[in-house]
Structures are given as C-alpha cells and as structure tokens.
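Undergrad: Got a sequence here, can you build the structure:
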Amino acid sequence: MSNWEQYKMEFRVYCRSDLRPLSQDVLERQNMFCEAVVKKFNKQRVKYLNILKLCGPNIPPGADANALSQTTDEDVALVYKDYQSDFKFKVAKTHRFKIGMIFRWILQIVKFTKASRVISKIRDLPEPTIDAILTEVSKELSIAFEYQLAMLAKKDDVYKLADHVIMIIFLYLKDRQSCFTTKKCLEAVIEIKGNELRSPMAGMARVPTLFSYQWKIDSIFKKPGLRMKITEEQDSDKMYRFYGCFTPWGCSCKPNKYGFRSLIHVFDDEEKRHALLYIDQVSTNSTRNTEIPFWPENIHQTYRPLTQCDHNHSIPEHSNSNI
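TA: Model prediction:
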C-alpha cells in the first residue's frame, strides 16, 4: 500500500466530510484565544514578581524587587547569602535544625531562581511593549491554527490551548539563552515539546474535537501539515498546496489527524521584512517530496481559512481585522 493510499484510509477512519464550522464562531474563538494569551501571561508575570518579593533577599523598603541586580546569577547569590545567614542564626540559637527547614530553604531558592530568570528577560520592557509582543504572537497563532481552533468540540477548550501556549513560552524564558521577542516565542510554541513541561501530564492533555477522536493539545501545535496559498482562484484544488512537515526533534506531522495550518511569518531583522518561520521554510522547500496531493473528500484540505496575516501578499475573502 502506498503512503497516499494509507493516508486516505486513515482519514476515513478519523473524519467526516460534513463538518463546516460557522464563520462567526471561528472568529469568536480566535478573539477568545488572543485575549486569553495576553491575560494569562500577565497573570503569571505578576505571580513571578510576587515570588521575587517574598523569596528574594532582604532589600530596603520601597526598593524595586523587579530590578534587584544586573544578572540572574547575582540575584540568586543574594538570596543564597540571606538564607544561609538565616539558617546559621537559627542553628546557633537553638542548637538544632529541622530537615523541613532545609527543604523549604531549597524550594524557595529554586522558586526565586526560576522567577528571576524569567523576569530578567522582560524587566526592561514597558508593559505596552510586552502586551504588543503577546498580541502579535497570539494573533499569528490564531490565524495559523484557525482550523484547529474551529474544530474543537467545546468553545471553552480554546482556553486550554492558550494555557499551553503560555506554559511553553515561560518554559522557554527560563532558559539562559532565551529572549522575549515575537519570533522566539513563536518558535518556542512550534518547536518545544510538551513533555519538557514541569508536569509530564501537561504535554499529554487532550481535548475533544468535532471528529470521532481527541487531539493532544501539544500535538495541535506540532503535528498539523502546512497549507500554502498560491492563487486567488476559488477552486479549492488550485488555491492551496499542502505539505507534510518536519520537526527539529525528528517526528513528522500527522495531517490526516490534525489537519493543516497556515504558514507562520516572522519579521526578519536583517532583511527588514516578514519571512516564513524557519521550520516552515524547511518543510515547503525540502528536497524531499513533502507535498500532499489534494483530495476533494478531505475536509482538512477543503476547509478555506477565513483569516490571514496582514503581511501576506494575498488578501482573503474575510478580513482578519476583527482579530
């Protein structure tokens, strides 16, 4: 059996061809997703700032806990010194120590280290800039993954996808080499595996769909194929080309199950223009034959997106001005 025949057989098991979400519902879900990403990020940011205040070193009253020092390592060194002094004082006073005291001390240092590392990436950015980056990231994702948002069985599951995006972004920001930009956040969402999250179950969470199966939330952002618009002609078999994709960690996508997403564009600082995300460039220009033939019975391919990013050359029938 050829790969194409196997693809069609798997699709018939997974999907029905009579599913057509309403335009109004799709746009509402995109707006819900964008608003949730910004709101949830800022809520977590405040949580980290509070950790810096509660677990941080003894600083003068009125000092800004968001600007303890120049580097994360200096922040952690200050915390370690404070807790070490406190520990020695308590042992000298009582001539005893409790194991629980040590564990609490270690836990607070770890919490502070993570919070300080994250906040250090955004401490010099004004809130309007942070919100602008988050808005751009969420908007790009809501357009690229419009089909996946539309096919969720429950509208409120959009919030679960937003939660996952925020968890991945903060996981990325805890890395020493990370930086808070639109491009890097988008790359993180597409490339970082969900099983790297603090809770392994977070990467395995599932949501019901309009099909006869569930989607893993992490796979929603990793395993759809790619949909490339090539013409304004209204015939579905001529408007788009469809591709399988390759991932940095060696696992190919599953478009027969997760459908297709639009290409993701990021601003190239060197070229001073928007360009495809690197992983999308690789997938659409690969020397391997990754193009998937159009099949009229496949709702994954006959679905026509209602929205499209502003920096694309072609304009869709429905504008994305409401997103």
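Undergrad: Could you check how far residue 34 is from residue 140?
TA: 10 Å (C-beta to C-beta, to the nearest Å). For glycine as for every other residue, the C-beta is placed from the backbone atoms N, C-alpha and C.
Undergrad: I should have written residue 298 there, sorry.
TA: Distance from residue 298 to residue 140, by C-beta to C-beta: 25 Å.
Undergrad: Equivalent analysis for residue 122, please.
TA: 19 Å.
Undergrad: Who has more neighbours out of these two?
TA: residue 140 (24 against 19; other C-beta atoms under 10 Å).
Undergrad: Tell me, what's the model's pLDDT at that one?
TA: Looking at residue 140, its pLDDT is 95.
Undergrad: list the contacts for it?
TA: By C-beta atoms under 8 Å, 6 or more residues apart in numbering, the residues touching residue 140 are 182, 186, 264-266, 309.
Undergrad: ok, now residue 179?
TA: Contacts of residue 179 by C-beta under 8 Å, 6+ apart are residue 121.
Undergrad: Next up, phi/psi of it, please.
TA: Reported as degrees, to the nearest 10, the phi and psi values for residue 179 are phi -150, psi 150.
Undergrad: cool, residue 275 as well?
TA: Dihedral angles (degrees, to the nearest 10) for residue 275: phi -140, psi 160.
Undergrad: repeat for the one 3 residues further on
TA: Here the main-chain torsion angles of residue 278 (degrees, to the nearest 10) amount to phi -50, psi -40.
Undergrad: now do residue 224
TA: Residue 224 adopts backbone torsions of phi -70, psi 150, taken as degrees, to the nearest 10.
Undergrad: Can you mark which positions in the helix ranked longest in the chain are buried?
TA: As assigned by DSSP state H, the longest helix anywhere in the chain is helix 23-55. Neighbour counts over helix 23-55 (16 or more other C-beta atoms under 10 Å) mark 26-27, 29-34, 36-38, 40-41, 45, 48-49, 51-52, 55 as buried.
Undergrad: repeat for stretch 291-308
TA: In stretch 291-308, counting by 16+ other C-beta under 10 Å, buried: 291-292, 294-295, 298-301, 303, 305-308.
Undergrad: and the longest helix of the chain, what other elements does it pack with?
TA: Contacts defined by 3 or more C-beta pairs under 8 Å, 6 or more residues apart in numbering; DSSP states H and E place helix 23-55 against helix 99-122, helix 127-144, helix 146-150, helix 158-173.
Undergrad: cutoff 10 Å now
TA: helix 72-94, helix 99-122, helix 127-144, helix 146-150, helix 158-173 (3 or more C-beta pairs under 10 Å, 6 or more residues apart in numbering; DSSP states H and E).
Undergrad: in the protein, what spans have low per-residue confidence?
TA: For the chain, the stretches with pLDDT under 70 are 1-21, 55-107, 109, 194-203, 231-237, 246-252, 286-289, 310-323.
Undergrad: Strands of the stretch 201-323 of the chain, start to end?
TA: With DSSP state E, counting those that start in this stretch, the ranges of strands along the stretch 201-323 of the chain come out as 206-208, 214-216, 225-229, 240-243, 260-262, 265-268, 273-276, 291-292.
Undergrad: of all the ones you listed, which gets the most neighbours per residue?
TA: Mean neighbour count, computed with mean count of other C-beta atoms under 10 Å, is highest for strand 260-262 among the strands of the stretch 201-323 of the chain, reaching a mean of 25.
Undergrad: Show residues contacting that strand.
TA: 140-141, 143-148, 190, 220-221, 223-229, 240, 242-245, 253, 255, 280, 292, 298, 300-301, 303, 305, 307-309, 312 (C-beta atoms under 10 Å, 6 or more residues apart in numbering).
Undergrad: Backbone torsions only: list them for residue 151.
TA: Torsion angles, degrees, to the nearest 10, at residue 151: phi -90, psi 0.
Undergrad: For it, which residues are in contact?
TA: Per C-beta under 10 Å, 6+ apart, neighbours of residue 151: 15, 19, 21, 26, 29, 207, 209-211, 215, 220, 258-259, 299-300, 303.
Undergrad: ok, now how distant is it from residue 269?
TA: Taking C-beta to C-beta, one finds residue 151 at 35 Å from residue 269.
Undergrad: Distance of the closest residue to residue 300 other than its chain neighbours relative to residue 121?
TA: Nearest residue to residue 300 in three dimensions, chain neighbours excluded: residue 259, at 4.0 Å (C-beta to C-beta, 6 or more residues apart in numbering). If you measure residue 259 against residue 121 using C-beta to C-beta, the figure is 33 Å.
Undergrad: which residue packs closest to residue 275, ignoring adjacent ones?
TA: residue 268 is the one closest to residue 275 (C-beta to C-beta, 6+ apart), at 4.4 Å.
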